[in-house]
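Visitor: Quick one: sequence and predicted model below, then my questions.
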Amino acid sequence: MTILVIAANNLRRLVRVRENLFFFFVLPLLLIVVLGLTSAGFEPRIGVYVMGERTTSVEGLIDGLEAVDGTKTTVFDDLGEATDQLEREDVTALVVVPADYGEALDSGATTELQYLSIPTSGGFEVQGFVQSVVAEQNATIRATRLVSDQTGLSENEAAALVAATERVVPELGATTVDAEGNPFVETDAVGFVAAQELVLFVFLMGMIAAAALIQVRKLGVTRRMLATPASTFEVVLGEALGRYGVALVQSAFIILATLVLFGLDWGSWPATLAIVAAFARVATAVALFIGALVSNVNQSSTLAHITPHAWAVDAFTEVIQRGGGLAQIGTELAVLVTYGVILLIAGAFTLRRAIVG
């Protein structure tokens, strides 16, 4: 019973601070919504420029690209405008159709489409869509030509027969598996962000709990607990259980919020709960370790400032909560710039060694 009382008191002290409630509830959900909706809003856009006439074959190519799910196709009348939009990444990829495209397909000759993309904008993925459409159109034309040669039907009659055959061919199902043959379930953008934010903020609250533990020790609260019938073991376990409870409550909040607001499927519940329980123990252990190792909050802050993240957080805190400007965050910016320069030089040097062998 004593252990539960200590744990409950720790939880009350933690949520009593208004800033902690912001990090506990508001900020995780806000980031999940913003980042998730931003990622989910991406729609590849395929640009098409036709150098010659828009023959039946060219129109068939455009129709095939427009039929690709999850993409949008735009036909440009000016090549300069098309390339400008590609450079600005307003289009993900640009397909340039040569002037002899229709004639080459009708005669069985070879022709080449020009495919332009910026790899960082998803051009590699879109290239697969374009290749599939071209391959399907080529297969249809070959089938039409074969039917015409074998039956003596006209091109139009053979094309109509091939189209009718395509409509009655049963669709084949496909299952995506990983390298080990296990089914691969593709989650949405919100799910991907939610899992990352859960890990981030559970660990962040662990650091806040560490600072709270340092303060409790400094005020002598833990020593006064030993003056009660509570044993040292009960005090330690109560402190640990309180912080573990905070991690579990925050994890449950993020999971339930995304489940209710977005209908997010977290997959296997036993597996998800096992991950949450394990990582909550990690955050609890780090909080206890730092809270016991460091004698004051300033030392805890010093340890955190080994990483650039703490300096960035300090800068944001000064600007957002205290209304500071550039003059007030000069030190933080200087440290961040120094980190950036050092890491950039190290990264460039390492990459150069990797390239030249």
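Guide: Now that the structure is in, tell me what you want to look at.
Visitor: correct me, but Leu86 touches Leu94?
Guide: Yes: the pair Leu86 / Leu94 is scored as a contact, 4.8 Å apart, by Cβ atoms under 8 Å. All C-beta spots, glycine's among them, are computed from the backbone N, C-alpha and C.
Visitor: Measure how buried Ala240 is and give me the count.
Guide: Around Ala240 sit 20 other residues, with neighbours defined as other Cβ atoms under 10 Å.
Visitor: for the helix or strand that it is a member of, packing partners?
Guide: In this structure, Ala240 is located in helix 232-262 according to DSSP states H and E. Contacts of helix 232-262 with other secondary structure elements, assessed using 3 or more Cβ pairs under 8 Å, 6 or more residues apart in numbering; DSSP states H and E, are made with helix 2-16, helix 27-40, helix 189-218, helix 221-225, helix 269-293.
Visitor: quick one: low-confidence parts of the stretch 101-250 of the chain?
Guide: 106, 108, 119-124, 155-156, 158-159, 161-192, 221-223, 226-227 (pLDDT under 70).
Visitor: 50 instead, please
Guide: 168-169, 172-174, 184, 186-187 (pLDDT under 50).
Visitor: any idea how far the closest residue in space to Val50 that isn't next to it in sequence lies from Asp63?
Guide: Closest residue in space to Val50, ignoring its immediate chain neighbours: Val97 at 4.6 Å, by Cβ to Cβ, 6 or more residues apart in numbering. According to Cβ to Cβ, to the nearest Å, Val97 stands 13 Å off from Asp63.
Visitor: what about these two, which has more around it?
Guide: A direct count of neighbours by other Cβ under 10 Å for Val97 and Asp63 places Val97 higher, at 22 against 12.
Visitor: and for Leu86 and Leu94, which residues touch both?
Guide: Common contacts of Leu86 and Leu94, defined by Cβ atoms under 8 Å, 6 or more residues apart in numbering, comprise Gly47, Leu116, Ser117.
Visitor: The last one contacts Leu94, correct?
Guide: Yes: here Ser117 reaches Leu94: they are 7.1 Å apart, a contact under Cβ under 8 Å.
Visitor: residues shared between the contacts of those two?
Guide: With Cβ under 8 Å, 6+ apart as the test, Ser117 and Leu94 both reach Leu86.
Visitor: Show me this protein divided up by domain.
Guide: Taking automatic domain parsing as the domain assignment, the ranges for the chain are 2-37+187-356, 42-168.
Visitor: what's the most buried one of the helices and strands packed on helix 232-262?
Guide: Per-residue neighbour counts averaged over each of those give the maximum for helix 189-218, namely a mean of 20 (mean count of other Cβ atoms under 10 Å).
Visitor: tell me the angle that helix makes with helix 2-16.
Guide: Between the direction of helix 189-218 and that of helix 2-16, the angle (axes from the mean of the first three to the mean of the last three Cα atoms, to 10 degrees) works out to 110 degrees.
Visitor: Packing partners of helix 189-218?
Guide: Under the contact criterion of 3+ Cβ pairs under 8 Å, 6+ apart, helix 189-218 touches helix 2-16, helix 27-40, helix 232-262, helix 269-293, helix 297-304.
Visitor: After the second one, which helix or strand is next?
Guide: In other words, helix 27-40. strand 45-50.
Visitor: What helices and strands are in contact with that following strand?
Guide: helix 56-66, strand 72-76, helix 79-87, strand 93-97, helix 123-151.
Visitor: Just confirm Thr2 contacts Val236, I think it does.
Guide: No: with contact defined as Cβ under 8 Å, Thr2 does not reach Val236; the gap is 11.7 Å.
Visitor: now the helices and strands packed on helix 189-218 in JSON lines, with distance to Leu344?
Guide: As requested, the helices and strands packed on helix 189-218 are arranged in JSON lines below (distance: least, Cβ to Cβ, whole Å):
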{"stretch": "helix 2-16", "distance to Leu344": "39"}
{"stretch": "helix 27-40", "distance to Leu344": "25"}
{"stretch": "helix 232-262", "distance to Leu344": "34"}
{"stretch": "helix 269-293", "distance to Leu344": "30"}
{"stretch": "helix 297-304", "distance to Leu344": "23"}
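Visitor: of these, which approaches Thr144 most closely?
Guide: Ranking these by distance to Thr144, with Cβ to Cβ as the measure, places helix 27-40 first at 40.0 Å.
Visitor: what mean pLDDT does the closest one have?
Guide: Rounded to a whole number, the mean pLDDT of helix 27-40 is 68.
Visitor: Next up, identify which helix or strand Arg352 is on.
Guide: helix 330-356.
Visitor: For Thr338, which residues are in contact?
Guide: With contacts taken as Cβ under 8 Å, 6+ apart, Thr338 has no neighbouring residues.
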